[in-house]
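**Student:** Give me a 3D structure for the following:
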Amino acid sequence: MVRPAVVLACVFCCAAALSAQTATDPAGTKSPAAAPTAKNSGKTDNSPFTIQENVNEVYLVFSVTDKHGQFISDLKQSDFALLDDHLAPARVYSFTQQTNLPLRVGILIDTSSSIRQRFEYEQQAAKAFLLQVIRPQTDQAFVEGFDVAPDYRQSWTNNLDSLEAGIDSLQPGGGTALYDAVYSACRDKLLTSRGQEPVRKMIVLISDGDDDQSHAYLNDAIKECQRADTNIYAISTNASPSRDEGDDVLNKMALATGGKAYFPTSVEDMPVSFDQIQKELRSQYALVYKPADFKLDGSFRPIYLYCLDRRYKARTMEGYFAPKG
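**Tutor:** A predicted model of the protein is given here:
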């Protein structure tokens, strides 16, 4: 355990590091990975520095809000401090506002019998979200329903008609295997969704948070999301006036992965939650850095991101798993 005084000292050292260690991207040709990966690169024409072999980079996307939950999108790199596995970054490569990364979105819809009365409205809201968010030129999505087992209705595509058809084809069923569905989506779809450029990976999860059928545990699902560098944005379908255990599950999954859980007071308010997710995607920062003392050992590396102005709060994933060498 790191003592608070040590953490505070590291935070202010890190603030200086974030301000002083930024290196310019070589002619815009460097494509940082969504998670640390070993990378080989030679010298680029007109580039101010050369990336050596096995430079490990973290592409960290995060949001900042004030105490009212309003997004803050005009901060500078010097306004933040960062610890990666309790250490300041060895180097910061870039810092950008209002990220416009290509999206890879998994739409996961609970089709268990507990949401039968609200199911059609959930389908309509999910389709409207895709129409607003997905840019066919750069983005892709898939559709997965789940009751007792994951049910993929549409694999990766940028075709909005196919995605809508996938959502329309879902039918409410029996029990709920929520953890299995999230684990499967990350393992089979999002963990392998990487290209030559960094992408923004996320799950939009529509569920009441209850689980009575999964073989995986809650922590298994969360860890697989962290391995896949995927944020969960959960929208609760809980119709009761008070939060319940399922809502707590959704909140835990979202917080651990750097996403957010929404709790609309009625099913008619669900489009408002989708709109808030869309606004967050347009109000995020991205930081590309080289971790200090990085090892390809498969270990979990916790992240601590801190706004120096205490009026604001930064939200990102709790950490990531280093790849194994």
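**Student:** tell me the contacts of the residue lying closest to residue 176 once chain neighbours are set aside?
**Tutor:** Using Cβ to Cβ, 6 or more residues apart in numbering and skipping residues adjacent in sequence, the residue nearest residue 176 is residue 112, 4.0 Å away. All C-beta spots, glycine's among them, are computed from the backbone N, C-alpha and C. Applying Cβ atoms under 8 Å, 6 or more residues apart in numbering to residue 112 gives the contacts 146, 147, 148, 172, 173, 174, 175, 176, 210.
**Student:** what do you get for residue 121?
**Tutor:** By Cβ under 8 Å, 6+ apart, the residues touching residue 121 are 267, 268, 270.
**Student:** if I look at the closest residue to residue 214 other than its chain neighbours, how far off is residue 216?
**Tutor:** What sits nearest to residue 214 in space, not counting adjacent residues and going by Cβ to Cβ, 6+ apart, is residue 179, at 3.9 Å. For residue 179, the distance to residue 216 (Cβ to Cβ, to the nearest Å) stands at 4 Å.
**Student:** go on, residue 158?
**Tutor:** Distance, residue 158 to residue 216, by Cβ to Cβ: 29 Å.
**Student:** Neighbour count: those two, which is higher?
**Tutor:** A count of neighbours by other Cβ atoms under 10 Å puts residue 216 above the other of residue 158 and residue 216, at 19 against 16.
**Student:** I'd guessed the more buried one sits against residue 180; true?
**Tutor:** Yes. With contact taken as Cβ atoms under 8 Å, residue 216 and residue 180 are classed as touching, separated by 5.2 Å.
**Student:** Which SSE is immediately downstream of the helix or strand hosting residue 155?
**Tutor:** Under the criterion of DSSP states H and E, residue 155 resides in strand 150-157. Beyond strand 150-157 on the C-terminal side, the first helix or strand identified by DSSP H and E is helix 160-168.
**Student:** Could you point out the helix or strand that follows that following helix?
**Tutor:** Following helix 160-168 in sequence, per DSSP H and E, is helix 178-185.
**Student:** Domain ranges for the chain, per the record?
**Tutor:** Per automatic domain parsing, the domain ranges recorded for the chain read 4-98+283-321, 103-281.
**Student:** Off-centre distance for the last one?
**Tutor:** To tie it back to what came earlier, the one meant is domain 103-281. Put simply, domain 103-281 sits 12 Å off its chain's centre (Cα atoms, centre = their mean, to the nearest Å).
**Student:** how close does residue 112 get to residue 255?
**Tutor:** From residue 112 over to residue 255 the distance is 24 Å, taken as Cβ to Cβ.
**Student:** do residue 109 as well
**Tutor:** Residue 109 is 21 Å from residue 255, by Cβ to Cβ.
**Student:** swap in residue 170?
**Tutor:** Distance check for residue 170 against residue 255: by Cβ to Cβ, it reads 27 Å.
**Student:** go on, residue 280?
**Tutor:** In terms of Cβ to Cβ, residue 280 sits 14 Å off from residue 255.
**Student:** ok, the residue nearest to residue 311 when sequence neighbours are not counted - contacts?
**Tutor:** Ranked by Cβ to Cβ, 6+ apart and with sequence neighbours excluded, the top spatial neighbour of residue 311 is residue 66, at 5.9 Å. Neighbour list for residue 66: 72, 311, 312, 313 [criterion: Cβ under 8 Å, 6+ apart].
**Student:** And residue 188, by the same measure?
**Tutor:** Applying Cβ under 8 Å, 6+ apart, no residues contact residue 188.
**Student:** quick one on the thing from earlier: mind giving me the ChimeraX select for the contacts of residue 121, buried ones only?
**Tutor:** Burial among the contacts of residue 121 is assessed by 16 or more other Cβ atoms under 10 Å; the matching ChimeraX selection reads:
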select :267,270
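**Student:** Closest one to residue 290 out of the contacts of residue 121, please.
**Tutor:** residue 270 (40.8 Å; Cβ to Cβ).
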